[in-house]
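Colleague: okay, here's the prediction I keep looking at, along with the sequence it came from:
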Amino acid sequence: MLLEELVSSLPEKQIIGIGNPEVSSIAYDSRRVTTGALFVCIRGARFNGHDFIHDALRKGAAAVLADDPRFVRNTKLDIPVVLTPDSRQAMPAVASVFYGYPSRALKLVGVTGTKGKTTTTYLIESVLRQLGLPTGVIGTLGAKIRGKAVPLDRTTPESVDLQELLAQMLADGVSAAAMEVSSHAIAFHRTEGCEFDVGVFTNLSHDHLDFHGSLDDYLKTKLRLFHEYPRKSQKPFTAVINADDSRSEQVRKVVYGNVITFGIHSPADIQATDVTIDMKGVSYLLHGPMGRLPVSLKLRGTFNVYNSLAATGAALALGLDMDDIKIGLESLSAVDGRFEHVDCGQDFAVVVDYAHSPDSLENVLKSARELTRGRVITVFGCGGDRDRMKRPIMGRIAAEMSDVCIITSDNPRTEDPEAIIAEIELGTQNGRATVETVVDRRDAIKLSLEIAKPGDLVLIAGKGHETYQIFRDRTVHFDDREVVRELLAGCESGK
């Protein structure tokens, strides 16, 4: 594609230099530049892409997209430079053109919220697959194209990688995809250029405030999915909103398109009543525009009622039938690291969950209480180099809702694990639980299994599907589920 055609959609640009080269690829990392590439200079937390222009030239870049005129003035280039106000914001527009606007040809559902995004996308996928539709999923657990796993570096890929992934889905025959849309992805323009048919709002609670600063700013970022994105899209848009969330009305007011609401307690278009929960799953009566229908999920926990209602709303927005939706919801048996039951024949329950925010921890502990008549033993920590405000809050929740609370390491990163634990422990002082601190996560899990009695439930929270642990100087393999199985089998390998 010729450069001028590629950047034609940019509202503000200046092309400096002579020539209109053929662009064969787009790269925002100079190490990935190949001959004929457009090199996009973006600023990251540690690096500024403008510093790597010469590296890109040596690798055969055909043109440069930049937003700092000082680099252009001070760098002698024999290739054209496209100067824009914000190259990161320009990148998704260019990528969409390059890959032929793939989201326009897909039925695309974007799911945003503090919790429930992953499970909701997998429930949507299950419903779509029930209809025989070739599907794709993008999110925290990586991507899937027609059931085949594709690893990702982050929940929502960088805009160029995302548009390439959507184009690959189309090439592989995918007709519909469900995608997690994180607040970071919106803030960093990764999802711009995507045209969604449906946007789902699951909930909003305390998380990522180290980045956003306040819940209001956190919400404001997410609202762009429901107002700004559909205004730029050529598709009709439907918002699916959790009516039980305290911010639901704020979301509803900004929607540019149609609205479908769901909930348990508040009046809504889609509602669940007669909810029953046990270790086998969740059952409820689904009330929708087409009448009432009993639903029996294999997924455990009250929060999965909300996730399934959200998926139902998205499926209805896509024009699917309630009977097909029911079968699709009931077909999904588990999602990695989401209230995942680890059963090795022990006489107590062990559940591993990704809960790493105050609200998500509270929700899984509520479900744990509902599922056991014995004690709830909670093992958890908080990540380093992340929101410190939530640490004592999570400590308080765990101490109030558990019988035994074992505070340990999560991903300490560059922080001292003992210092993180001390901050969590500040919130436990008035709780009902017996509180233990064990810095080594494996030892903490071992202690929880040793003290568990018949009928108890051990909840290991914070890492869920993750298979690693990040320290200041290294990243090691660590999977809570593997550790539980090894310890329950009496295997002490690796210690």
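Modeller: Great, that's in hand.
Colleague: how close does P358 get to A310?
Modeller: Distance of P358 to A310, computed by CB to CB, to the nearest Å: 21 Å. To be clear about C-beta, it is placed using only N, CA and C from the backbone, and glycine gets the same treatment.
Colleague: okay, the two: which has more neighbours?
Modeller: Just comparing P358 and A310: by other CB atoms under 10 Å the higher neighbour count belongs to A310, 30 against 24.
Colleague: so who does the residue lying closest to D479 once chain neighbours are set aside touch?
Modeller: Counting by CB to CB, 6 or more residues apart in numbering, D479 lies nearest to T467, which is 4.6 Å off, once chain neighbours are set aside. By CB atoms under 8 Å, 6 or more residues apart in numbering, the residues touching T467 are 477-479, 482.
Colleague: in PyMOL, how would I select the buried members of those residues?
Modeller: This is how PyMOL selects the buried members of these, with burial counted by 16 or more other CB atoms under 10 Å:
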select buried, resi 478+479
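Colleague: so which of the contacts of T467 comes closest to G199?
Modeller: D479 (32.9 Å; CB to CB).
Colleague: from T155, how far off is the closest one?
Modeller: Distance from D479 to T155, by CB to CB: 19 Å.
Colleague: quick one: low-confidence residue ranges for the stretch 51-200 of the chain.
Modeller: Counting by pLDDT under 70, the stretch 51-200 of the chain shows low-confidence ranges at 74-75.
Colleague: quick one, what contacts P157?
Modeller: P157 touches 138, 165, 190, counting by CB under 8 Å, 6+ apart.
Colleague: most neighbours out of these, which is it?
Modeller: Neighbour-wise, the contacts of P157 (other CB under 10 Å) top out at I138, 28 neighbours.
Colleague: ok, the helix or strand harbouring that one: who's next to it in the sheet?
Modeller: Following DSSP states H and E, one finds I138 within strand 135-139. Strand pairing for strand 135-139, using DSSP bridges, gives strand 142-145 (antiparallel), strand 176-180 (parallel).
Colleague: please identify the most buried of those strands.
Modeller: Of the strands paired with strand 135-139, the one with the most neighbours on average (mean count of other CB atoms under 10 Å) is strand 176-180, at a mean of 26.
Colleague: for that strand, give me every contacting residue.
Modeller: For strand 176-180, using CB under 8 Å, 6+ apart, the contacting residues are 106-112, 117-118, 120-122, 124-125, 128, 133-140, 155-156, 166, 169, 194, 314, 318.
Colleague: can you map out the strands along the stretch 151-300 of the chain?
Modeller: 176-180, 198-201, 238-242, 258-263, 270-278, 281-288, 291-297 (DSSP state E, counting those that start in this stretch).
Colleague: separation between the residue nearest to L10 when sequence neighbours are not counted and H50?
Modeller: Leaving out its chain neighbours, the residue that sits closest to L10 by CB to CB, 6+ apart is A90, at 5.4 Å. Separation of A90 from H50 (CB to CB) stands at 14 Å.
Colleague: any chance of JSON lines for the strands of the stretch 151-300 of the chain, columns distance to E418?
Modeller: Formatted as JSON lines, the strands of the stretch 151-300 of the chain follow (distance: least, CB to CB, whole Å):
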{"stretch": "strand 176-180", "distance to E418": "33"}
{"stretch": "strand 198-201", "distance to E418": "38"}
{"stretch": "strand 238-242", "distance to E418": "38"}
{"stretch": "strand 258-263", "distance to E418": "42"}
{"stretch": "strand 270-278", "distance to E418": "37"}
{"stretch": "strand 281-288", "distance to E418": "39"}
{"stretch": "strand 291-297", "distance to E418": "40"}
